[in-house]
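# show me how the following folds:
(chains A, B, C and D)
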Protein chains: 2
Amino acid sequence: MARSDLSETARRLHSGAIRLLRMARAADDESGLSAPKLSALSVLAFGGPQSLSGLARAEQVTAATMSKLVGDLEAEGLVAKRTDRNDRRGVRIAVTARGRALMEKGQKARLALIRARLATLSDAERAVLDQAAALMLRLAGSPP
Amino acid sequence: MARSDLSETARRLHSGAIRLLRMARAADDESGLSAPKLSALSVLAFGGPQSLSGLARAEQVTAATMSKLVGDLEAEGLVAKRTDRNDRRGVRIAVTARGRALMEKGQKARLALIRARLATLSDAERAVLDQAAALMLRLAGSPP
DNA sequence: TCATTTAGTTAGTCAAACTAACTTTCTGCT
DNA sequence: AGCAGAAAGTTAGTTTGACTAACTAAATGA
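Coordinates of the predicted model:
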């Protein structure tokens, strides 16, 4: 593949990802939670209880930002925060059942949008996207 | 493809797109412009001069938000704004040479990141991503 | 023991998003 | 022609989410 083809693929991939996420974002309003909140809940739901700084790192924001956001989530009963028994400087943050339910609802709506669109494709096309998803995660340095 | 496979593909595609864009965002700081500004400049650079409301629609924000942002871009000499001769209620906004240069620089940096990652893949894998990009644009209802 | 580092919180600031209110211009109907 | 309603854009006010700076408490290692 020539250099210009690489650039073209990069450009279209970038553009495709942006548009796909914009489309999926339309479903977020239903949960009544912002994207940052949903995202943090998702990290907790899938990764289990975290320290505040761990959560901030996962979300690529500062501890100050995450401290505020977690405070809000706690006030809304979506996470529970308590002193870390192994290191009393820190806290452990866990998602509550309510928080998990809301997060799953939000995610379900988002994925339903994508899934409905996927259903309009052929099996071969879907297989392409399946492989591409794994490649994209690899490109970004994340585990699939 | 079964329903659960569809959901899994949707989940991984969603996740892959998020991570890919997060990775690409690392390059944005170099241009000294925010993502919203770069995005608006991009729309103007590729789509030609626009009305303010057209630009707001393309970026999926309100006219108020875009009015402020365009005001800033104009102050920075990156766009030129003038009354629309055909409808004096409105304005035409065009990217300046300076704005275009900055936008292209920013985009170049972003795509370079993706391209470098693409270079680590096999030809077959790249072909998969190329096809996937077109499919993603189709899924999102955008022209490739 | 103590200097340094780490974990988290709070205050202040800024950008970007929204809504509301407003002015100007356009459109279409009477 | 006149006018009501709609469209285009601007400004003010508010909220959220991001950052930095400053701080306290706890942990670490010399």
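# show the contacting residues for the spatially most central residue of chain A.
Central residue of chain A (Cα atoms, centre = their mean): residue A:39, 4.5 Å from the mean position. Residues near residue A:39 by Cβ atoms under 8 Å, 6 or more residues apart in numbering or on different chains: residue A:59. Placement of C-beta: from N, CA and C, glycine included.
# gap between it and DNA strand C?
As judged by Cβ to the nearest atom of the strand, to the nearest Å, residue A:39 and DNA strand C stand 16 Å apart.
# any idea which helix or strand carries that residue?
helix A:35-47 (DSSP states H and E).
# tell me if whatever helix or strand comes next after that helix is near chain B.
Sequence order places helix A:52-59 as the next helix or strand after helix A:35-47, per DSSP H and E. No. Using Cβ under 8 Å from any Cβ of the partner chain, helix A:52-59 stays clear of chain B, coming no nearer than 9.9 Å.
# hmm, back to that, gap between the residue nearest to the centre of chain A and residue A:112?
18 Å (Cβ to Cβ, to the nearest Å).
# so what's residue A:137 scoring on pLDDT?
Predicted confidence (pLDDT) for residue A:137: 74.
# list the residues that contact the closest residue to residue A:42 other than its chain neighbours.
Nearest residue to residue A:42, sequence neighbours excluded (Cβ to Cβ, 6 or more residues apart in numbering or on different chains): residue A:103, at 5.7 Å. Shown in contact with residue A:103 (Cβ under 8 Å, 6+ apart): A:31, A:33, A:38, A:41-42, A:45, A:78, A:95.
# can you add distance to residue B:7 and pLDDT and give these back as TSV?
Conversion of the contacts of residue A:103 to TSV gives the following (distance: Cβ to Cβ, whole Å; pLDDT from 0 to 100):
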residue	distance to residue B:7	pLDDT
A:31	18	68
A:33	21	82
A:38	18	85
A:41	19	91
A:42	15	86
A:45	16	91
A:78	24	95
A:95	21	96
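# mind checking which of the residues you listed are buried?
Listed as buried from the contacts of residue A:103 are A:31, A:33, A:38, A:41-42, A:45, A:78, A:95; burial here means 16 or more other Cβ atoms under 10 Å in any protein chain shown.
# of these, closest to chain B?
residue A:42 (9.7 Å; Cβ to the nearest Cβ).
# keeping just the C-alphas, turn the helix holding residue A:39 into CSV.
The C-alpha atoms that make up helix A:35-47 are tabulated as CSV, following Å, rounded to 0.1, in the frame of the first residue of the first chain:
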residue,chain,number,x,y,z
ALA,A,35,-20.9,11.4,28.5
PRO,A,36,-18.1,11.9,31.1
LYS,A,37,-20.4,10.5,33.8
LEU,A,38,-21.5,7.5,31.7
SER,A,39,-17.9,6.9,30.7
ALA,A,40,-16.7,6.9,34.4
LEU,A,41,-19.5,4.6,35.4
SER,A,42,-18.6,2.3,32.5
VAL,A,43,-15.0,2.0,33.7
LEU,A,44,-16.2,1.1,37.2
ALA,A,45,-18.8,-1.3,36.0
PHE,A,46,-16.4,-3.2,33.9
GLY,A,47,-13.1,-2.8,35.7
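# tilt between it and helix A:52-59?
Relative orientation of helix A:35-47 versus helix A:52-59 (axes from the mean of the first three to the mean of the last three Cα atoms, to 10 degrees): 110 degrees.
# helix A:35-47 vs DNA strand D: in contact?
Yes. Against DNA strand D, helix A:35-47 shows contacts by Cβ under 7 Å from any atom of the strand at A:35-37.
# point out the least confident member of those, please.
Within the residues of helix A:35-47 next to DNA strand D, lowest confidence goes to residue A:35 (77).
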